[in-house]
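A.B. asks: Sequence first, then the predicted structure:
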Amino acid sequence: MKNRLLVVVALAALMSLVAGLACGQAEVELAQTPAAPEPTATHVPEPTATPESGPIAVPTDTSEAASSLTGDPVYEPVTLIDGAGQEFVFTEPPERIVAYDSAVVEILFAIGEGHRIIGTHDFVEFPAEASEVTRVGSAFEINVESILALEPDLVFLFSPGFMDDLQGAGLRVLFLPSRSSGFEDTAADIRLWGRIAGNPDAAEELALDFETRLAAVKSVLTSVDAGPRVFRDEGGLWTPGPDTLIGEVLELLKLDNIASDVSGFEQISPEVIVERDPEIIIATDFSTIDTDAAFASLTAIKDGRVFRMPGEPLSVPGTRFIQGIEDLARQIYPELFP
């Protein structure tokens with residue numbers, strides 16, 4: 001348990017570092033190419049000119065023309081700027097993906113494209129189908145030989161640490177920093193991977209569901225002026241500040257985060273926690289705060305308001321994140337979210 005906690009804390013610190021390195025870099029740019037005009041049985045029109053927003057050309061090979069004639073969807077190329085500031089272009093959906101990111105694994109399975117994932121890292125736990133995916137290392141190490149043996153046509157990384165090794169081995173590598181803040185942009189991430197995988201319709205449905213449910217939570221909370229004091233214990237008294245995903249959720253729910261002066265994730269002292277006396281504690285499976293005698297005087301402990309969330313949906317900015325928000329809202333405001 002101690003080793004697993006150290007991994008979680010180290011991973012949180014890595015995510016904060018990557019987010020910091022990514023500051024100022026160009027955001028993902030999606031360049032849409034207008035679809036070619038609907039062809040007739042005797043004429044396939046010339047490709048529409050590429051718009052100024054991105055260097056994307058409509059493919060003109062016979063297989064795409066045939067798919068258009070048969071009514072099958074035509075893949076729209078995707079151009080984006082990766083975490084290293086380089087242009088990355090998809091002209092067809094990747095078929096064999098090693099996804100080194102839990103959120104991407106969740107998203108691809110949720111839109112029905114999980115069959116494309118042939119490898120991932122050791123910490124992926126959701127969905128259940130992902131248990132069958134080959135593991136090729138942890139968040140801190142990658143087995144390049146194992147990845148090469150899988151013959152991927154795309155390796156996706158949330159951190160740039162292994163880019164040189166993988167690219168040096170001749171692999172196509174996309175790096176986008178793991179989302180450590182800005183949880184509302186999860187909907188945009190869903191749409192992006194839907195386009196990359198060639199299934200934008202399923203992704204759009206899922207993204208709209210995320211946005212609709214989030215708007216519903218916000219609407220209900222308009223009647224709340226200020227919520228109770230809260231402490232989030234990741235384990236070992238490590239806690240998130242307001243510039244993190246979970247910190248943003250606490251703000252959304254109008255909770256008074258007693259770690260509002262923390263940046264990223266920091267470990268705070270028992271004395272500070274006792275002094276600030278949280279009325280609610282949101283604990284992970286690694287937390288033992290509710291059984292520690294040093295905290296017996298806390299209002300949250302005395303009132304029995306220590307909440308745990310099975311599966312920790314708020315730890316990954318994927319498709320389950322909105323469910324985590326709703327579940328936490330119900331625990332804190334049961335009268336508002338029956």
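C.D. replies: Great, that's in hand.
A.B. asks: tell me the domain ranges of the chain?
C.D. replies: Domain assignment for the chain by automatic domain parsing gives 23-32+69-178, 225-332.
A.B. asks: For residue 185, find the nearest of those domains.
C.D. replies: Shortest distance between residue 185 and those, using C-beta to C-beta, is found for domain 225-332: 8.3 Å. The C-beta positions use only the backbone N, C-alpha and C, and glycine is treated the same way.
A.B. asks: Just the endpoints, please. Distance across that closest one?
C.D. replies: Start and end residues of domain 225-332 are separated by 14 Å (C-alpha to C-alpha, to the nearest Å).
A.B. asks: I'd like to know which of the domains of the chain is closest to residue 184.
C.D. replies: With respect to residue 184, and counting by C-beta to C-beta, the nearest of the domains of the chain is domain 225-332 at 8.1 Å.
A.B. asks: Quick one: mean pLDDT for that closest one?
C.D. replies: Average pLDDT, domain 225-332: 95.
A.B. asks: re earlier: what's the closest of the domains of the chain to residue 197?
C.D. replies: Using C-beta to C-beta and comparing the domains of the chain, the one that lies nearest residue 197 is domain 23-32+69-178, at 4.2 Å.
A.B. asks: Can I get the domains of the chain in a markdown table including mean neighbour count and distance to residue 198?
C.D. replies: Formatted as a markdown table, the domains of the chain follow (neighbours: other C-beta atoms under 10 Å; distance: least, C-beta to C-beta, whole Å):
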| stretch | mean neighbour count | distance to residue 198 |
| --- | --- | --- |
| domain 23-32+69-178 | 17 | 4 |
| domain 225-332 | 18 | 18 |
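A.B. asks: Identify whichever of the ones you listed lies nearest to residue 191.
C.D. replies: domain 23-32+69-178 (8.1 Å).
A.B. asks: isn't residue 239 right next to residue 263, touching?
C.D. replies: No - if you go by C-beta atoms under 8 Å, residue 239 and residue 263 don't touch, sitting 11.4 Å apart.
A.B. asks: Show the model's pLDDT score for residue 186.
C.D. replies: So, for residue 186, pLDDT stands at 96.
A.B. asks: Give me the neighbour count for it.
C.D. replies: Around residue 186 there are 24 other residues, counting by other C-beta atoms under 10 Å.
A.B. asks: Spatially nearest residue to it (excluding sequence neighbours)?
C.D. replies: residue 317 (5.0 Å; C-beta to C-beta, 6 or more residues apart in numbering).
A.B. asks: what comes into contact with stretch 200-209?
C.D. replies: 76, 107, 110-113, 187-188, 190-191, 193-195, 197, 319, 322 (C-beta atoms under 8 Å, 6 or more residues apart in numbering).
A.B. asks: 10 Å instead?
C.D. replies: 73, 75-76, 78, 107-108, 110-113, 186-197, 319, 322 (C-beta atoms under 10 Å, 6 or more residues apart in numbering).
A.B. asks: As CSV, could you dump the C-alpha coordinates of it?
C.D. replies: Taking C-alpha atoms only, stretch 200-209 is exported to CSV below (Å, rounded to 0.1, in the frame of the first residue of the first chain):
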residue,chain,number,x,y,z
PRO,A,200,-16.7,11.5,-34.6
ASP,A,201,-20.4,10.8,-34.2
ALA,A,202,-20.0,8.5,-31.2
ALA,A,203,-17.6,11.0,-29.7
GLU,A,204,-19.9,13.9,-30.2
GLU,A,205,-22.8,12.0,-28.5
LEU,A,206,-20.5,11.3,-25.5
ALA,A,207,-19.1,14.9,-25.3
LEU,A,208,-22.6,16.4,-25.4
ASP,A,209,-23.7,14.1,-22.6
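A.B. asks: So for that stretch, what gets flagged as buried?
C.D. replies: For stretch 200-209, the neighbour count (16 or more other C-beta atoms under 10 Å) marks 200, 203-204, 206-207 as buried.
A.B. asks: coming back round to it: for the domains of the chain, give me CSV that also has distance to residue 213.
C.D. replies: As requested, the domains of the chain are arranged in CSV below (distance: least, C-beta to C-beta, whole Å):
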stretch, distance to residue 213
domain 23-32+69-178, 14
domain 225-332, 5
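A.B. asks: how about these, which one is nearest residue 338?
C.D. replies: Per C-beta to C-beta, nearest to residue 338 of the domains of the chain: domain 225-332, 7.8 Å.
A.B. asks: any idea how far the closest one is from the chain center?
C.D. replies: 20 Å (C-alpha atoms, centre = their mean, to the nearest Å).
A.B. asks: if we can go back for a sec, if we compare the domains of the chain, which one ends up closest to residue 212?
C.D. replies: Between the domains of the chain, domain 225-332 lies closest to residue 212; by C-beta to C-beta that is 9.2 Å.
A.B. asks: Now do the SS call for residue 79.
C.D. replies: strand (DSSP: H, G, I helix; E, B strand; the rest coil).
A.B. asks: just checking, it touches residue 192?
C.D. replies: No - in this structure residue 79 lies outside contact range of residue 192 using C-beta atoms under 10 Å: 11.4 Å.
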